[in-house]
Every structure is written in C-alpha cells, then in structure tokens.
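1. Here you go, sequence then predicted model.
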Amino acid sequence: MISRLKNCSFIVLIGGIFFIGQGRAETGGDTSFSIGEIIVTGVKDRPLRNILTSVDIMGADVAQRQNVDSTFKLLSRMPGVLVTDFHQGGTNGAVSFRGFNAEGGIMAVKLLIDGVPSNANDGYMWMLDGVPPIDIERVEVVRGTSDARYGLHNIAGNIAIFSRVGGTYLDAKTTVGAWGTYEGQLALGRESGAFTQNYSFDYRESDGYRDRGTLRRKNAAGKWFYNGDDVRFGLIARYFTSDGNDSGFLSGADAATRPRYSPPLNADDGRDREGYSFTLQGEATLTDALTTSGNIYMTRFDDTRFFRIAPTVSQQERHLNEQQEGASLTLHYNPEQSFLHDLRIESGANLDRQDNHHQRWLGSARVRSSRVFDRRFILDVYGGYVQAVIEPTPWLKVTPAYRIDRVDGHYLNVANDTRYPVNDYGTIEQPKISAVVTPLPGLSVYGNYGRTFQIGLGVGSYIVPPQVSSLSASVNDGWEAGVKYNLGSQVESRVAVWQQTASDEIVLRNATGDFINLGRTRRRGIDAQINVRPSALVNVWGAFSWQKGIIVVPDPTTPGFAGNRIDHVPAYLVSGGIEYRPIEPLRLAATFYGQSKYELDASNSHGRFGDAALFNIEAGYQLTANIEVSVEVRNVTDHRTAYVYYDRITQSPLHSPNDGRAFYGSLRLTY
C-alpha cells in the first residue's frame, strides 16, 4: 500500500504539471467542496481558498433541515467524517477523521463555534449542544495538517460552525416523532441600519429508543453587532443545558435479542450538563491593504455523570468543571506589488487558558461513599503563526506557513495539596507548505505538508510521579495530494491520498483518568467524493474514504502491538444521497451512511464490531411561500447497529445499540 500511495501522489502532481502546457485557468485554485447552498451573511471571514487542503462546507439549507438528537450528528453528512454515537441518553457522541477514533483517548479535531475554541480539555465537543440546527449558517471541515491558524487539538484538522448573524427573518420549526420525541426551534433576526440582533431558542425531549434513554436539552443564544464602513464589532452570548438517563451497556447476546433493554444496575445512571459562553468579536479595515480581526472569549462548562459498568463494582460519579478564557488577533496584508500575480500575508496570535477541576467518587444510587481523585489543573497554551499566499501566475498558488506554540501551567492534587509542574514542551515548531496548480478551468491539482502536535490530556500534561522528567510533545507529520474537478455547476469531484505519522502518541484512559503511551503510529488513506447536478431538479452526491491506522513502534511494555490496527477506526466510510424535486413544491431525498467494522483495543484480540449501513428518506412539501411540512423515516431497513468497546472489568465486549426504524414529522414557518 505504501508504494500505491506514493504512486498515486506522484501521478496526481505530475499530471497537473503536464496539463499546464495545455491551457491556462482563472486565478485562485479552489480545493473546497460544498454540500448545499452557501450564503454568508455574518462575519466577513477570510476565504477558505487560502487553505490548500481537503475542505468541505455544509450550507444552511442542508444543516437547518436536519432532525438530530445532538448537533454532532449533522456531521455524518460530511465526507470522510467518522461519527461515533455512544447512545447513552445524556451522553452523546463525538466525531473525528483521518484515521483517528472518537473514543476520547486522543481527540484530534479542533472545534470552533463562531470562531471560539470549543473543545473540552479532553477534546470532546460538548459545546455543540448549544447550537441548534436552525441557527446554523454553515459548517466548515478542514482535514489535514497544513492549516496554520490553530494549534491545540488541531492534530488532524478542524471543524468550524458559524451561526446566523445579520438579516431580518423569523424561522420556527417543530418536530414530533418516535419514542416521544418533541422539539421546538426558533431563530429570528432584525437588522436596522448598522445594527443587527439575532436570537435562537431550542428545546428537545425524547424518551429514547432504549429503556431509560430519556433526553432533555434546551439552549438559547443572542448576538448583537454594529456594522460600520470600516469597522464591525459585537457580542455573542450562548447558554445550554441538558440532562438524560444512561441506559447502560449490554452483552452481545442481549444486544441482539433485546436491544432496547436497560439493565437494573444502571437504574440510577445518567448525566447533567450545563454550559455558557460570551464572546466579543471585532474586525476593522486599517488601510486599503491591511485588515484585522479578533475576539475575546469566556466559556464555562459543568458536567456530572453517574455510571456503573458491572454488578461487581460501585457506581462512579464523574464531575467536570472547566473554565476557559482566551483571545486571538489576526492581521491580513495584501500589498501592492508588480512582480507577482498576487501576494497576501497573514499572521495571527492566540492565548487560551483553561482552569479545570475534575473529580471522581465511588458510591451507590448517586450517594457518594469514597473519593477516587480530586484534581485541579491550569493549562495555558499560547502561539502564533505567519503565512504567505503567493501567486506567481494565475495558475499557481503556493502557501508556506510557520506556527509555534508554547504550553504553561500546573496541576494541583487537591486530595493531598500537592502541586506538579507542566511538562516543559519547549517551543513546538510546526512548518507547513501547500501548493495548488490550476492548469485548466475547473481543474485543481494540489499537495501539502504540515506538522501538528499533541500534548497529554488531563494530568498527562504534567510531571506526576512515577514520571520524573518532562515528556516531549507528540509530533504529527502529514502530507496530502489531490485533484479537484468542476464541470460548471453540474459536476464537482475530488480525490485525495494522504498520510499522517505521530511520535509517542498519548492516549487518555477515561476509566481511570490516567494515560498510556500508544507509541509511534501511522495513518493513511484515500478520500473520494462527487456531486452531480444533471438538472435543477436532481442532485446526487457520494463519498468514500479508505483509512488505516497502525502502531508502528509500540510502547516498550507492549511489544506485541507492533503492526496492530488502532482501535475504533473503520477501514472505510461511505455516505451519499439523492435529492429530487419532481414538482416545485415537493422535495424528495434519500441519504446513506455506512462504515466497516473496527478493532476494540490495541491488542486486536477481541474481535471486530461496529459496522453500519443506515438509510434515511425524507419528503418535504411547500404548502405556501412561508410554510413547509416534511416527514422523515430514519434507518428505513431497521438495521441493527451498536457502539461496542472492550471492558476490562467484565473482560468482554459491551454493546450500546443505536436507534431502530424511526418516523418523524416537522412543520416549518419562515418569514
């Protein structure tokens, strides 16, 4: 496979150079791929055409139609994205890509909501609970190691969600359906002169597919902005809360014969979660050639989970209280010059501080009996970058970039009042370079290389005995080569091959709160996707990703893991769908998501599980210009799927079944 990947990348790049002699294209090779209509009404973000890697954008028309228990499930529509649903009522799931799993041991995708870093310390994306689908303007997914804008958690790429800002509108949607599901969403905006105000509200409740799988979620947001000729600034406030019961995990036999069952030992399991954030944003045009943008933010996140895995062990109470503050500033310079077709220079700096308090107890029926640990840790990450977008000719764009990050902080063991320093990671250097050739109109051939980094999660960032010296950051080096082809608005396609290697990869163990060294790893894969619009009535899309992650050099304590697959990484992901409008008021759609089986842990000795093939169908009818009704059937074939992991207490695979066939109906009003 190594030689095949190298041959693919060689053919991709040489083919692009060969075609240069055949013609010339318009300026600015674009490697992004769109899903739905893209309408930007808010912050005037720098175009993603400056990021020369695999970029996917979901438009508002797709995002706002989705009926999901949690916003992270929207991302199953994005090519190459692995969606892991733990399906435990109040405990939802996570997303990842590029051969990384979403188990929480290493969360390799950075999340930003309206430009604000929104990962928890362990990388999870619980803040997504604060963004209802109806308030989403667009979703941007950047895959790979060449994006210099971000440092922490940006190991395999990033996901940015932008909510509605600006405009005058009222958008309301109510949904009812399977298992007592009810949701009401409202988004409204008012624009008057230079001032805009936008609001969103959401409430969802469901009894859940499984017994004791109840979920209640609500959120609210407000956005107030002033838009002048050369300046724009505003405030975003967001709040959310959710609670639910955990149905527990099942044996393989129970999952197959009674998937809705909840064991008695989980009768008191569940989760309560609350969070809020405030963000000040601004941007200004300083001169004709120089602009700047930045933000100052504060987030608070509180999460309590009660969880019991087996009759032989006590119930655990896991409590997280995390506070994050930070700021970022970016400068964009587009100088006048005559020796290049175009030149743009961008630089940025950021400071992110975390004050985290993690506690764990043992008990019964939500009553504490003994403390497991009580940890408080400060983590400061600050960094900056500079990059140039150089276009010597209209058909060639090169983007060299360089980023550095530093880490500071300390860890306090509250139980014994002992303080430990952070690992001295030094200056973490991350060189990057990208290039795209546009030999013909609609054809872009691109390649990139970049370095990203990983530090320990939780106490893994600190020098805690028996560790006596600093650990180095795990360095990820990755490359990608791809081709994107557009035939007007009718065909959009992209194929890319990629590889990413990591030194001394660190994995957090959620069960104990400590960490292990997985070793040196390598991930590689191929992504292919296509959109076809043969007419204004029909849109067909599909995506396929092959990926493989292996342990190249394991930790010395587990030499037998050499060559084993990284756990919970399916070998392939596939998604697709079709939308058809036979008559103007009627919209018909069908979508598919599938994945292959995965290993349960690094030993690769407990079998493979987790394959899925899910079909959904939807029909919408526009009764009037302002009213649409829709019906949806999810998991049409009633395919049995489950999230599975290997539990070391019971020494067996444990299953959490996903939803069976479900019917939903919605009414949407827009003005």
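-> That came through, no problem.
2. For stretch 433-447, the averaged confidence score.
-> Averaged across stretch 433-447, the pLDDT comes to 93.
3. Tell me which residues of it come out buried.
-> When neighbours are counted by 16 or more other C-beta atoms under 10 Å, the buried residues of stretch 433-447 are found to be 433-440, 443-447. C-beta coordinates here come from the backbone N, C-alpha and C atoms, glycine included.
4. ditto for stretch 179-198
-> For stretch 179-198, burial by neighbour count (16+ other C-beta under 10 Å) applies to 179, 181, 183-189, 191, 196-198.
5. Can you lay out those residues as CSV showing secondary structure and pLDDT?
-> Shown next, in CSV, are those (DSSP: H, G, I helix; E, B strand; the rest coil; pLDDT from 0 to 100):
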residue, secondary structure, pLDDT
W179, helix, 94
T181, strand, 96
E183, strand, 97
G184, strand, 97
Q185, strand, 97
L186, strand, 98
A187, strand, 97
L188, strand, 97
G189, strand, 97
E191, strand, 95
T196, strand, 98
Q197, strand, 98
N198, strand, 98
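6. What is the neighbour count of Q337?
-> For Q337, the count of nearby residues is 9 (other C-beta atoms under 10 Å).
7. got it, and the one 10 residues further on?
-> S347 sits with 16 neighbouring residues when counted by other C-beta under 10 Å.
8. what residues are up against it?
-> The contact partners of S347, by C-beta atoms under 8 Å, 6 or more residues apart in numbering, come to T330, L331, G384, Y385, V386, Q387.
9. Output the residues you listed as TSV; include the columns secondary structure.
-> Listed next are the contacts of S347 as TSV, based on DSSP: H, G, I helix; E, B strand; the rest coil:
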residue	secondary structure
T330	strand
L331	strand
G384	strand
Y385	strand
V386	strand
Q387	strand
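10. Could you report the neighbour count for R210?
-> Look at R210: counted by other C-beta under 10 Å, it has 26 neighbours.
11. That one - nearest residue in space that isn't next to it in sequence?
-> Distance criterion C-beta to C-beta, 6 or more residues apart in numbering; nearest residue to R210, sequence neighbours excluded, is S247 at 4.1 Å.
12. What's the separation between that neighbour and H87?
-> Here the criterion is C-beta to C-beta, to the nearest Å. By it, S247 lies 8 Å from H87.
13. Now for these two: what residues contact both?
-> Shared contacts of S247 and H87 (C-beta under 8 Å, 6+ apart): R210, G213, S656.
14. G525 reaches I550, doesn't it?
-> No - using C-beta atoms under 8 Å, G525 is not in contact with I550; the gap is 11.9 Å.
15. How many residues are close by R524?
-> R524 has 22 neighbouring residues, counting by other C-beta under 10 Å.
16. so the nearest residue to it once chain neighbours are set aside bridges to which residues?
-> Nearest residue to R524 in three dimensions, chain neighbours excluded: Q499, at 4.1 Å (C-beta to C-beta, 6+ apart). Per DSSP bridges, the residues bridged to Q499 are W479, R524.
17. R232 now?
-> Beta-bridge pairing of R232 under DSSP bridges involves N227, E283.
18. What of V540?
-> Following DSSP bridges, V540 is listed with bridge partners V532, I578.
19. Look up how far G577 lies from it.
-> From V540 over to G577 the distance is 8 Å, taken as C-beta to C-beta.
20. got it, and L170?
-> According to C-beta to C-beta, L170 stands 29 Å off from G577.
21. quick one: which of the two has more around it?
-> Set L170 next to G577 and count neighbours by other C-beta under 10 Å: G577 wins out with 20 against 13.
22. is it true that that one touches T591?
-> Yes - counting by C-beta under 8 Å, G577 does reach T591; the two are 3.7 Å apart.
23. Is D638 in a helix, a strand, or coil?
-> D638 - assigned by three-state DSSP - is coil.
24. Does it touch G660 like I think?
-> Yes - D638 sits in contact with G660 when judged by C-beta under 8 Å, with a separation of 5.2 Å.
25. which one of the two has more residues nearby?
-> Between D638 and G660, counting by other C-beta under 10 Å, G660 is the more crowded of the two (18 against 10).
26. can I assume the more buried one is in contact with N635?
-> Yes - assessed by C-beta under 8 Å, G660 is found in contact with N635 at 6.2 Å.
27. thinking again about what came up before, in helices only, show me the shared contacts of S247 and H87.
-> Secondary structure from DSSP state H places none of the shared contacts of S247 and H87 in helices.
28. Could I get the full set of strands for the stretch 401-550 of the chain?
-> Using DSSP state E, counting those that start in this stretch, the strands of the stretch 401-550 of the chain run over 418-421, 428-440, 443-454, 474-487, 491-508, 515-535, 538-554.
29. Repeat that for the stretch 1-150 of the chain.
-> Assigned by DSSP E, counting those that start in this stretch, the strands in the stretch 1-150 of the chain fall at 32-35, 54-59, 82-88, 91-96, 109-113, 116-117, 136-143.
30. List just the nearest of the buried residues of stretch 433-447 to M125.
-> Among the buried residues of stretch 433-447, S434 lies closest to M125 (C-beta to C-beta), at 26.2 Å.
31. ok so, going back, quick one: the contacts of S347 as JSON lines, columns for distance to D424 and pLDDT too.
-> Formatted as JSON lines, the contacts of S347 follow (distance: C-beta to C-beta, whole Å; pLDDT from 0 to 100):
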{"residue": "T330", "distance to D424": "28", "pLDDT": "96"}
{"residue": "L331", "distance to D424": "30", "pLDDT": "96"}
{"residue": "G384", "distance to D424": "19", "pLDDT": "97"}
{"residue": "Y385", "distance to D424": "22", "pLDDT": "98"}
{"residue": "V386", "distance to D424": "25", "pLDDT": "97"}
{"residue": "Q387", "distance to D424": "27", "pLDDT": "96"}
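32. If anything else comes up later, I'll come back, but that's it for now.
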